[in-house]
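>>> structure here, sequence nowhere to be found:
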């Protein structure tokens with residue numbers, strides 16, 4: 001790949017913004033300093049623009065294998081680099097599910113030649129694969145995923161003895177979807193009796209309620225504390241759950257960590273009236289007061305990571321009546337622009353965006369040489385123009401499913417360049433044909 005110099009970069013890294021040049025050689029950041037010159041290097045002048053570390057998304061569903069009519073590793077990783085996401089961790093609820101070491105390695109083989117971004121996968125825990133989890137090498141993949149509430153491709157783990165055994169049996173990060181299944185089923189029965197299958201979408205946060213979230217997450221956290229497990233709670237949605245997390249110690253020392261997703265920071269229950277099932281997610285988008293509490297906890301460091309839970313479905317699937325419309329939506333292309341919009345509105349700083357979307361996922365999952373703009377690190381970089389407004393339209397959506405919950409939204413910041421391992425994968429709306437993603441390595 002040779003050498004590239006990114007000139008006049010405003011580098012957002014480790015809670016500072018510094019103006020420097022960046023010299024990339026092959027896949028590595030070789031040098032960061034003022035006025036770098038090299039006659040053999042390609043020059044990319046980004047004056048006036050910010051350079052972030054590549055975003056690391058710890059929760060995506062790219063639907064391969066088995067569900068590729070919704071999306072696949074190639075299509076969704078391509079959309080990811082358009083959104084400044086250079087690394088993703090894909091979830092196990094595909095078909096077949098990623099619940100054996102053999103199926104995990106088969107997924108790595110699928111991604112090897114087609115992924116535009118760097119990749120790893122989460123290994124799915126079930127009620128009956130404890131022995132496989134025990135055999136799993138701690139550096140083989142990003143971690144173990146438990147569905148403590150059912151969602152797409154039902155992988156519900158509801159045997160409490162098994163859950164405790166899993167917590168006791170791995171040194172890896174255990175990530176979980178926390179919703180109490182009994183509460184949800186009881187609520188669903190009430191609303192189905194009243195409405196049949198055509199339940200109004202505004203009832204979704206009452207069916208998949210705040211109480212269902214809290215019951216599950218509080219119980220799982222108590223178990224993690226009892227066993228000493230390293231536990232990460234995915235996609236938090238409620239004000240009540242915020243008291244379960246702490247901000248009085250550095251992330252490196254935390255055993256219990258938390259994630260929030262972009263859609264729960266952006267939408268509230270008021271948006272069901274216009275967005276309908278296009279904002280049907282599990283856990284549900286809830287009250288504006290819940291959204292405000294999520295922002296508060298994110299900014300004071302009780303919440304550690306921002307992710308997408310990118311989960312595409314076709315338009316036809318999403319247009320079904322409530323009980324048949326699947327939960328989830330595509331987000332990797334628009335997550336960083338949405339957070340940058342909140343920066344423009346004065347809600348969050350650029351440094352905090354880099355911390356929550358780039359640095360912290362790397363720290364939390366102990367990813368090797370990614371998540372920071374540092375000499376010797378992989379050259380995963382994103383260039384952002386914070387003064388270039390554009391509108392999300394059908395024509396510029398890169399997802400295979402062809403729609404976005406952000407359609408017709410104007411963002412004031414645009415991603416101009418995305419580098420993956422030193423390769424310019426995306427530039428001003430155009431994609432490179434080269435697929436340069438690498439399998440993640442870890443320092444555990």
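That came in fine, so what should we check first? Just so you know, these numbers come straight off a predicted model, no measurement behind them. Numbers count the residues shown, from 1 in each chain.
>>> surely residue 258 is within a helix?
No - judged by DSSP: H, G, I helix; E, B strand; the rest coil, residue 258 forms no part of a helix; its state is strand.
>>> against residue 243, how distant is it?
From residue 258 across to residue 243, the span is 11 Å (C-beta to C-beta, to the nearest Å). Quick note: C-beta positions are derived from backbone N, CA and C, even for glycine.
>>> those two: who's more crowded?
Using other C-beta atoms under 10 Å as the criterion, residue 258 and residue 243 rank with residue 258 on top: 26 against 12.
>>> confirm for me that the more buried one is in contact with residue 233.
Yes - contact criterion C-beta atoms under 8 Å: residue 258 and residue 233 qualify, at 5.2 Å.
>>> shared neighbours of the two, which are they?
Contact criterion C-beta atoms under 8 Å, 6 or more residues apart in numbering; residues shared by residue 258 and residue 233: 244-245.
>>> now for the lengthiest helix in the chain, which elements pack on it?
Ranked by residue count and defined by DSSP state H, the top helix of the chain is helix 210-227. Helix 210-227 makes packing contacts with helix 160-169, strand 174-177, helix 181-195, strand 231-233, strand 256-261 when contacts are defined by 3 or more C-beta pairs under 8 Å, 6 or more residues apart in numbering; DSSP states H and E.
>>> the helices in the stretch 301-444 of the chain, which residues?
Ranges of helices in the stretch 301-444 of the chain, per DSSP state H, counting those that start in this stretch, are 315-318, 335-344, 350-354, 360-364.
>>> and these as TSV, adding mean neighbour count and mean pLDDT?
Output for the helices of the stretch 301-444 of the chain, formatted as TSV (neighbours: other C-beta atoms under 10 Å; pLDDT from 0 to 100):
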stretch	mean neighbour count	mean pLDDT
helix 315-318	14	98
helix 335-344	22	98
helix 350-354	20	98
helix 360-364	23	98
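>>> same list (those) but as JSON lines, adding distance to residue 41.
JSON lines is the format used below for these (distance: least, C-beta to C-beta, whole Å):
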{"stretch": "helix 315-318", "distance to residue 41": "45"}
{"stretch": "helix 335-344", "distance to residue 41": "27"}
{"stretch": "helix 350-354", "distance to residue 41": "25"}
{"stretch": "helix 360-364", "distance to residue 41": "27"}
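>>> and those: which comes nearest residue 280?
Each of the helices of the stretch 301-444 of the chain has some distance to residue 280 by C-beta to C-beta; the shortest is helix 315-318, at 7.5 Å.
>>> doesn't residue 89 belong to a strand?
Yes - per three-state DSSP, residue 89 lies within a strand segment.
>>> report the buried residues of stretch 181-194.
By neighbour count on 16 or more other C-beta atoms under 10 Å, the buried set for stretch 181-194 is 181, 183-184, 187-188, 191.
>>> quick one on the thing from earlier: what's the angle between the longest helix of the chain and helix 160-169?
50 degrees (axes from the mean of the first three to the mean of the last three C-alpha atoms, to 10 degrees).
>>> show residues contacting helix 210-227.
If you take C-beta under 8 Å, 6+ apart as the criterion, helix 210-227 is touched by 148-149, 163-164, 167-168, 174, 176, 178-180, 183-184, 187, 229-231, 233, 236-241, 244, 255-256, 283, 286, 290.
>>> which among those count as buried?
Going by neighbour count (16+ other C-beta under 10 Å), the contacts of helix 210-227 have 148-149, 163, 167, 174, 176, 178-180, 183-184, 187, 229-231, 233, 236-239, 241, 244, 256, 283, 286, 290 buried.
>>> list the buried residues in the longest helix of the chain.
Buried, per 16+ other C-beta under 10 Å, within helix 210-227: 210-218, 220-221, 223-224, 227.
>>> okay if I get these as JSON lines plus distance to residue 313?
Shown next, in JSON lines, are the buried residues of helix 210-227 (distance: C-beta to C-beta, whole Å):
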{"residue": "210", "distance to residue 313": "25"}
{"residue": "211", "distance to residue 313": "27"}
{"residue": "212", "distance to residue 313": "22"}
{"residue": "213", "distance to residue 313": "22"}
{"residue": "214", "distance to residue 313": "27"}
{"residue": "215", "distance to residue 313": "27"}
{"residue": "216", "distance to residue 313": "24"}
{"residue": "217", "distance to residue 313": "25"}
{"residue": "218", "distance to residue 313": "30"}
{"residue": "220", "distance to residue 313": "27"}
{"residue": "221", "distance to residue 313": "30"}
{"residue": "223", "distance to residue 313": "32"}
{"residue": "224", "distance to residue 313": "31"}
{"residue": "227", "distance to residue 313": "35"}
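>>> just give me the closest of those residues to residue 158.
Taking the buried residues of helix 210-227 together and measuring to residue 158 by C-beta to C-beta, the closest member is residue 216, at 10.5 Å.
>>> re the thing from before, kindly present the helices and strands packed on helix 210-227 as TSV, with separate columns for mean pLDDT.
Shown next, in TSV, are those (pLDDT from 0 to 100):
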stretch	mean pLDDT
helix 160-169	94
strand 174-177	97
helix 181-195	97
strand 231-233	98
strand 256-261	98
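>>> make a markdown table from the ones you listed and add distance to residue 45 to it.
Below are the helices and strands packed on helix 210-227 laid out as a markdown table (distance: least, C-beta to C-beta, whole Å):
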| stretch | distance to residue 45 |
| --- | --- |
| helix 160-169 | 51 |
| strand 174-177 | 40 |
| helix 181-195 | 53 |
| strand 231-233 | 40 |
| strand 256-261 | 35 |
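>>> so which of those comes closest to residue 332?
Ranking the helices and strands packed on helix 210-227 by their distance to residue 332 (criterion: C-beta to C-beta) puts strand 256-261 first, at 11.4 Å.
>>> thought residue 317 was touching residue 328?
No - Residue 317 is beyond contact range of residue 328, at 9.6 Å (criterion: C-beta under 8 Å).
>>> so where do the helices sit in the stretch 1-150 of the chain?
Under DSSP H, counting those that start in this stretch, the stretch 1-150 of the chain gives helices at 73-82, 101-112, 130-135.
>>> so which of the ones you listed is the most packed in?
Looking across those with neighbours counted as mean count of other C-beta atoms under 10 Å, the highest average goes to helix 73-82: a mean of 27.
>>> for that one, packing partners?
The contact analysis (3+ C-beta pairs under 8 Å, 6+ apart) places helix 73-82 against strand 55-60, strand 85-90, helix 101-112, strand 414-420, strand 423-427, strand 430-431.
>>> could I get those in TSV, plus columns for distance to residue 275 and mean pLDDT?
Shown next, in TSV, are these (distance: least, C-beta to C-beta, whole Å; pLDDT from 0 to 100):
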stretch	distance to residue 275	mean pLDDT
strand 55-60	21	98
strand 85-90	23	99
helix 101-112	32	98
strand 414-420	24	98
strand 423-427	28	98
strand 430-431	28	98
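>>> would you turn the ones you listed into a markdown table with distance to residue 75?
Converted to a markdown table, the helices and strands packed on helix 73-82 look like this (distance: least, C-beta to C-beta, whole Å):
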| stretch | distance to residue 75 |
| --- | --- |
| strand 55-60 | 12 |
| strand 85-90 | 13 |
| helix 101-112 | 13 |
| strand 414-420 | 16 |
| strand 423-427 | 14 |
| strand 430-431 | 11 |
